[in-house]
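**Q** No letters, just coordinates:
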């Protein structure tokens, strides 16, 4: 069922310690557990993004407002949690610095909405980040046993890939790897070819 803007009843998405409030828009949020980044992208209209607990129902803006084709990226410590005051803590309760949130204007928004068409778009993403996306997409666990693979950066698009087997065959065509799939676990090793 599509979500329609209602000024009297705002639509709010809460994800990993942040709130994204609809202000009449089409948007997407990527905030997966274990991910090193949190991303909100606006295709149409605008949204307000704030730390969860920062906003009141007074309409007062306390966060970042994004408009059409704007993307907010926040790098996070994957083990951190966010408290209602916006402070980030590691499990041992030590405060951490997540860096400055980045707002950019994206000329092409395909990457942020491709999931609707069963398409995976990668723009200068590490092999580790690609593996995490494949895990979520195909409900598998990926084990990377060669540290050298983390230096590989991917840019590309997988269209209508229906299985982890298909995705791994595509990756193998351009990457010096061997892989083994056992039930829901994929083990990936670098071949003897050097990655520069």
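**A** Arrived safely, thanks for sending. A quick note: this is a predicted structure, and the numbers were derived from the prediction, not measured.
**Q** C-alpha only now, for contacts and for neighbours.
**A** OK.
**Q** Just the buried residues of stretch 102-110, please?
**A** Using 16 or more other CA atoms under 10 Å as the test for burial, stretch 102-110 gives 103, 106, 109.
**Q** Just those residues: which are in strands?
**A** Per DSSP state E, strands hold the following members of the buried residues of stretch 102-110: residue 103.
**Q** Closest one of the buried residues of stretch 102-110 to residue 20?
**A** residue 103 (14.4 Å; CA to CA).
**Q** gap between the longest strand seen in the chain and the chain center?
**A** Identified as the longest strand of the chain according to DSSP E is strand 37-51. Strand 37-51 sits 12 Å away from the centroid of its parent chain (CA atoms, centre = their mean, to the nearest Å).
**Q** contacts for the next helix or strand after it?
**A** Sequence order places strand 64-67 as the next helix or strand after strand 37-51, per DSSP states H and E. Strand 64-67 is contacted from outside by 41-50, 72, using CA atoms under 8 Å, 6 or more residues apart in numbering.
**Q** mind running it again at 7 Å?
**A** 42, 45-50 (CA atoms under 7 Å, 6 or more residues apart in numbering).
**Q** Format those as JSON lines; extra columns: pLDDT.
**A** Compiled in JSON lines, the contacts of strand 64-67 are given as follows (pLDDT from 0 to 100):
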{"residue": "42", "pLDDT": "86"}
{"residue": "45", "pLDDT": "82"}
{"residue": "46", "pLDDT": "81"}
{"residue": "47", "pLDDT": "81"}
{"residue": "48", "pLDDT": "80"}
{"residue": "49", "pLDDT": "82"}
{"residue": "50", "pLDDT": "77"}
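**Q** just curious, which of those is nearest to residue 160?
**A** Using CA to CA, the contacts of strand 64-67 come closest to residue 160 at residue 42, 24.0 Å.
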